[in-house]
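Asks: Structure of the sequence below:
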Amino acid sequence: MFENITYKKKFFAVIIGFALLFMACYKKTYRHMFAAKKELNNVEQKLSSIDDSYNKLYALKNEIQGLDNVIGAHSIDAEDVQQELLDYISKMGIDVNIVSIEDVHLYSDDEFLVYSNQIELEGSYTNLISALYKTEKSFKNSRVISSAFYSKKNYITNKQNLFLKIILQNYEKAK
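Replies: I've put the predicted structure just below:
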């Protein structure tokens with residue numbers, strides 16, 4: 001049967017047989033092997049990202065703790081902070097008068113409790129600037145959030161008085 005076929009046709013038949021055998025082997029074994037290798041690479045990438053996420057989580061926790069220290073997230077009673085602020089300003093050694101201090105304002109969020117203190121000072125521009133600077137730099141229990149200068153005319157003495165309104169806030173984690 002194969003004696004009448006030329007070597008050229010036998011060669012092409014062997015090539016076609018080899019190609020069919022190769023495709024059959026690929027379908028039965030190699031395709032599954034390549035899919036498994038691809039899945040293995042995906043799983044290894046996910047595992048490496050999980051290991052990296054633990055490091056990122058640790059770094060974020062440290063960063064949050066540092067930010068808590070910076071913004072004053074330690075829990076000091078709000079009225080104590082207000083008394084310490086009054087004591088600090090009165091013992092500062094700068095010639096300013098405390099005009100008024102508002103009650104503590106509380107704002108609660110899902111994660112934080114924010115206590116706001118508002119105080120008004122009266123004095124000369126240089127003394128008020130010095131008081132603001134020292135309060136901002138040295139008073140650690142609360143942070144200066146806002147400050148505003150304004151003047152009012154005293155009609156009895158016919159003189160302009162300069163005032164400074166300072167708003168300070170401290171934070172506490174909600175329980």
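
Asks: average pLDDT for the host helix or strand of S48?
Replies: Using DSSP states H and E, the element containing S48 is helix 31-71. What helix 31-71 shows for mean pLDDT is 82.

Asks: do the same with stretch 114-130
Replies: Per-residue scores along stretch 114-130 average to 92.

Asks: neighbouring contacts of it?
Replies: Contact with stretch 114-130 is made by 78, 81-82, 85-86, 89, 94-102, 104-108, 131, 142, 145, 149, 161-172, as judged by C-beta atoms under 8 Å, 6 or more residues apart in numbering. Yep, even glycine has a C-beta here, placed from its N, CA and C like the rest.

Asks: Out of those, which sit inside strands?
Replies: Applying DSSP state E to the contacts of stretch 114-130, the entries found in strands are 97-101, 105-108, 145, 149, 161-172.

Asks: And the buried ones among the residues you listed, selectable in PyMOL?
Replies: Buried subset of these, written as a PyMOL selection, criterion 16 or more other C-beta atoms under 10 Å:
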select buried, resi 101+163+164+165+166+167+168+169+170+171+172
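
Asks: quick check: domain ranges of this protein?
Replies: 1-71, 78-173 (automatic domain parsing).

Asks: Can you say which of these is packed in most?
Replies: domain 78-173 (a mean of 15; mean count of other C-beta atoms under 10 Å).

Asks: From start to finish, how long is that one in a straight line?
Replies: Domain 78-173 stretches 13 Å from its first residue to its last (C-alpha to C-alpha, to the nearest Å).

Asks: How about stretch 90-98?
Replies: OK, stretch 90-98 end separation, C-alpha to C-alpha: 8 Å.

Asks: any idea of the mean pLDDT for it?
Replies: On average, stretch 90-98 scores 89.

Asks: what do you get for stretch 140-150?
Replies: Mean predicted lDDT for stretch 140-150 stands at 90.

Asks: just the CA coordinates of that stretch, formatted as CSV?
Replies: Only the C-alpha atoms of stretch 140-150 are listed here, as CSV (Å, rounded to 0.1, in the frame of the first residue of the first chain):
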residue,chain,number,x,y,z
LYS,A,140,0.9,71.5,73.6
ASN,A,141,-2.6,70.5,74.8
SER,A,142,-4.4,72.2,72.0
ARG,A,143,-3.6,73.4,68.5
VAL,A,144,-4.2,76.9,67.1
ILE,A,145,-6.7,76.6,64.3
SER,A,146,-7.6,80.2,63.6
SER,A,147,-6.7,83.6,64.7
ALA,A,148,-8.1,87.0,63.7
PHE,A,149,-7.3,90.6,64.6
TYR,A,150,-9.9,93.2,64.8
